[in-house]
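Student: Fold the following.
(4 chains)
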There are 2 protein chains.
Amino acid sequence: MPATTIKMIANKLSLSVATVSKSLADSHEISKETKLLVLNAARDMGYVANPYASSLRKGRSKTIAIVLPEIADSFFAEAINGIEEVALSHGYHVLIYLSHESLPREQAIMQDFKSGRVDGILMSVSEETSNVEHIKAVMDSKIPVVFFDRVCEDLNTTCVVTDDFDSSLQATNYLVSKSCKKIAFVGNSVNLSINRNRVNGYVSALQQNGLQQQQNVVICGKNQEESYEIISNLFKSDQKPDGIILSVEKLTAVLYKVCADLHINIPDQLKVLTFTNFNMAQFMSPSLTTIKQPAFNMGKTAATILLKKLSHTMAFSEPDTIILPSEIIFRNSTSE
Amino acid sequence: MPATTIKMIANKLSLSVATVSKSLADSHEISKETKLLVLNAARDMGYVANPYASSLRKGRSKTIAIVLPEIADSFFAEAINGIEEVALSHGYHVLIYLSHESLPREQAIMQDFKSGRVDGILMSVSEETSNVEHIKAVMDSKIPVVFFDRVCEDLNTTCVVTDDFDSSLQATNYLVSKSCKKIAFVGNSVNLSINRNRVNGYVSALQQNGLQQQQNVVICGKNQEESYEIISNLFKSDQKPDGIILSVEKLTAVLYKVCADLHINIPDQLKVLTFTNFNMAQFMSPSLTTIKQPAFNMGKTAATILLKKLSHTMAFSEPDTIILPSEIIFRNSTSE
DNA sequence: TTGAAAGCGTTACCAT
DNA sequence: ATGGTAACGCTTTCAA
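Tutor: Purely as a prediction, here's the structure:
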């Protein structure tokens, strides 16, 4: 059964394709009666417009892309939910691309976008993304990009972020108030502004408390095994921490495992908190103190802004940073 | 900067568009020298083919759709990973659609596919999907559908599932061996074959152990709050269970909360296990016994089969059921 | 080996 | 209010 086309409807009703097309678009040039006729025929014949013909002709696709480092992370999963909700309600389709934290992969993905496949892009950059030429190139070809969470601050477009510096500062201060003296910060490399902000918040808090000598920023490994080694070595050094801030959700499992294996009691010997959205944190053993990002809302906000740019009710590259607050949820991993 | 077209390359090289098009497609009709010329020019000019023009002309889009109930579930997130890997490596693009467990929404999504937007569909049906006409209609329009996890068995196409019946049976037997006498099964409505299989496995195990009188299948609510009520009422009835099998990842948090609130000790007073992929189960309190589906592999397998159908190396609607085994991981929530 | 031209299904301009 | 037709950028057939 081949798809119904405008031409087939036109033939059936002895109308021109132009008239049918305009009727379907609910143009005011067309009489009420004709419109009704066309709409009914279209319904009866199961007509659905060919999006490729339409996109080709109109020069836009009603499609946006989400480019993410990964998906098995509760933050990104929730963010996609928010994005999808907005996209759907505006009749947009969503293509998803995973960079898997690889710059070459991200570059290849962006290269494809020069084709005009998507009208706009929502993006959280990969861990390796220090060079941003591939992103700039796409923006130069007039395709708006809105960053969320992992942003490129120097790229002159809208960024939707959370208050990483403040959260990190507040979290560190909290650990200090719980009498931690040697607090380590474990995260990804500081390529990304998000990580720099978190590290800076941590460092500032240490300074405020005269603990700058104890500063200890640890970069985790490429995989769970490497991270396990790195973290477990932490406890064998003379820098042995009594508090840890994790900047990566996945490290939580690793750290809990290290502690189990080395018989380190949380929170007695070590206080732990994690940047994560993960809603079962409350049922972990011990329950995990978290800095919870407004993931759904960040996705929703970023998508709303992108669509606003696409509808030209907002300047193409209006640079702007929107900060949605995270929430620190205190649980047992930080209180004895 | 408008996108480069074949025509622009043709003009620059004083060649015809036909020649350029064939060169880019690496056709044997074209001489080595010309090809090289074209390829270099294309590279220099930053040419990327317009996918909409190409799709319109060729009648296929090199795009597939994933239709899912939700994304904030570790199973689906992992499955998407598997799908994306296969799609990418074959040059396919992935559109994502969330039904949010709503049949009307799923119907609207499927309706759109009649447009030819995608070449094929990977699908896990919504909770409400008892009527499957909308899916049949798409299949009738020659767009292959491959189901994974939440399948429609009577729809005459390939399904990728896990051994739900066996896992459920084995899990139930295990609880019996741990001296549970009143085992409840809490899940979604039995619309879906996946849920029926799990329930049937549970019932069979009860029968094998002469416990059929204690059969107790509970349908959870639409949201966390409703589920909380339903589950907490369970413990106030005379059917008060000493073992629970959860068929839905999200219910784990709810059940743990109920137990905390009602001061029910897991595993002493109640043994619990959950169908989930969730990799932090080992760090929950108590650590959670899980039936872990091969999510990544299921996604990968389903995608591979779909692409095989698309490349016509496999019959369009070759019905087949591929069963990948789940793994039961025994932890403290089921052993005192 | 290369090129001209038709056509994919739609939209939009210009007539009528 | 309706219709003819060109054009979007590409692929493919056929001719040179």
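Student: all contacts plus neighbour counts: C-alpha atoms, from now on.
Tutor: Noted.
Student: ok, now which ones touch A:His263?
Tutor: Shown in contact with A:His263 (CA atoms under 8 Å, 6 or more residues apart in numbering or on different chains): no residues.
Student: ok, now which ones touch whichever residue of the stretch 201-336 of chain A sits closest to DNA strand D?
Tutor: Nearest residue of the stretch 201-336 of chain A to DNA strand D (CA to the nearest atom of the strand) works out as A:Leu310 at 18.7 Å. A:Leu310 makes contact with A:Asp119, A:Gly120, A:Pro144, A:Phe316, according to CA under 8 Å, 6+ apart.
Student: Who wins on neighbours among these?
Tutor: In terms of neighbours by other CA atoms under 10 Å in any protein chain shown, those top out with A:Gly120 at 27 neighbours.
Student: Could you check how far that one is from A:Leu155?
Tutor: Applying CA to CA, to the nearest Å, the value for A:Gly120 to A:Leu155 is 15 Å.
Student: ditto for A:Pro241
Tutor: Counting by CA to CA - A:Pro241 and A:Leu155 are separated by 37 Å.
Student: More neighbours: which of the two?
Tutor: A:Pro241 (21 against 17).
Student: Now do the same contact list for the more buried one.
Tutor: Contacts of A:Pro241 by CA under 8 Å, 6+ apart are A:Lys181, A:Lys182, A:Ile183, A:Ala184, A:Leu234, A:Phe235, A:Leu270.
Student: which residues sit in contact with the nearest residue to the last one once chain neighbours are set aside?
Tutor: If I follow you right, that is A:Leu270. Leaving aside its sequence neighbours, A:Leu270 sits nearest to A:Asp242 (CA to CA, 6 or more residues apart in numbering or on different chains; 4.5 Å). Applying CA under 8 Å, 6+ apart to A:Asp242 gives the contacts A:Cys180, A:Lys181, A:Lys182, A:Ile183, A:Gln269, A:Leu270, A:Lys271.
Student: circling back: the residue of the stretch 201-336 of chain A closest to DNA strand D and B:Tyr52, how far apart?
Tutor: 19 Å.
Student: Check A:Ala260 too.
Tutor: Counting by CA to CA, the gap from A:Ala260 to B:Tyr52 is 55 Å.
Student: Pick out whichever of those two has more residues nearby.
Tutor: Using other CA under 10 Å as the criterion, A:Ala260 and B:Tyr52 rank with B:Tyr52 on top: 24 against 13.
Student: where does the closest residue to A:Asn216 other than its chain neighbours fall, helix, sheet strand or coil?
Tutor: Spatially, and ignoring its direct neighbours in sequence, A:Asn216 is nearest to A:Ala184 (4.9 Å; CA to CA, 6+ apart). Following DSSP: H, G, I helix; E, B strand; the rest coil, A:Ala184 is assigned to strand.
Student: so A:Ala184 sits right up against A:Ile219, yeah?
Tutor: No. In this structure, A:Ala184 is not within contact of A:Ile219 by CA atoms under 8 Å, at 10.5 Å.
Student: Show me what A:Tyr97 is bridged to.
Tutor: Assessed by DSSP bridges, A:Tyr97 has beta-bridge partners A:Val67.
Student: quick one: contacts for it?
Tutor: So A:Tyr97 contacts A:Ala65, A:Ile66, A:Val67, A:Leu68, A:Ile109, B:Glu84, B:Val94 (CA under 8 Å, 6+ apart).
Student: Show me where the stretch 1-150 of chain A has its helices.
Tutor: Using DSSP state H, counting those that start in this stretch, the helices found in the stretch 1-150 of chain A span residues A:6-13, A:17-24, A:32-44, A:51-58, A:74-89, A:103-113, A:133-140.
Student: so of these, which one's packed in deepest?
Tutor: helix A:74-89 (a mean of 21; mean count of other CA atoms under 10 Å in any protein chain shown).
Student: what mean pLDDT would you report for that helix?
Tutor: Averaging pLDDT along helix A:74-89 gives 96.
Student: Tell me what angle that helix forms with helix B:74-89.
Tutor: Per axes from the mean of the first three to the mean of the last three CA atoms, to 10 degrees, the angle that helix A:74-89 makes with helix B:74-89 is 70 degrees.
Student: so what does helix A:74-89 touch, helix or strand wise?
Tutor: strand A:93-98, helix A:295-310 (3 or more CA pairs under 8 Å, 6 or more residues apart in numbering or on different chains; DSSP states H and E).
Student: angle of it against strand B:93-98?
Tutor: Going by the same axes, to 10 degrees, helix A:74-89 makes 90 degrees with strand B:93-98.
Student: List the contacts of helix A:74-89.
Tutor: Against helix A:74-89 from outside (CA under 8 Å, 6+ apart): A:68, A:70-71, A:93-94, A:276-278, A:293, A:295-304, A:307, B:71-72, B:77, B:97-98.
Student: Check stretch A:202-220 too.
Tutor: By CA under 8 Å, 6+ apart, stretch A:202-220 touches A:165, A:168-173, A:176, A:181-189, A:199, A:226-227, A:230-231, A:239.
Student: Now do the strands in the stretch 201-336 of chain A.
Tutor: A:217-219, A:243-246, A:271-275, A:289-292, A:320-324, A:327-329 (DSSP state E, counting those that start in this stretch).
Student: a markdown table for the ones you listed, including mean pLDDT?
Tutor: Output for those, formatted as a markdown table (pLDDT from 0 to 100):
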| stretch | mean pLDDT |
| --- | --- |
| strand A:217-219 | 95 |
| strand A:243-246 | 97 |
| strand A:271-275 | 97 |
| strand A:289-292 | 97 |
| strand A:320-324 | 95 |
| strand A:327-329 | 96 |
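Student: Any chance of CSV for the ones you listed, columns distance to DNA strand C and mean neighbour count?
Tutor: Formatted as CSV, these follow (distance: least, CA to the nearest atom of the strand, whole Å; neighbours: other CA atoms under 10 Å in any protein chain shown):
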stretch, distance to DNA strand C, mean neighbour count
strand A:217-219, 51, 17
strand A:243-246, 50, 25
strand A:271-275, 45, 26
strand A:289-292, 43, 24
strand A:320-324, 31, 16
strand A:327-329, 45, 16
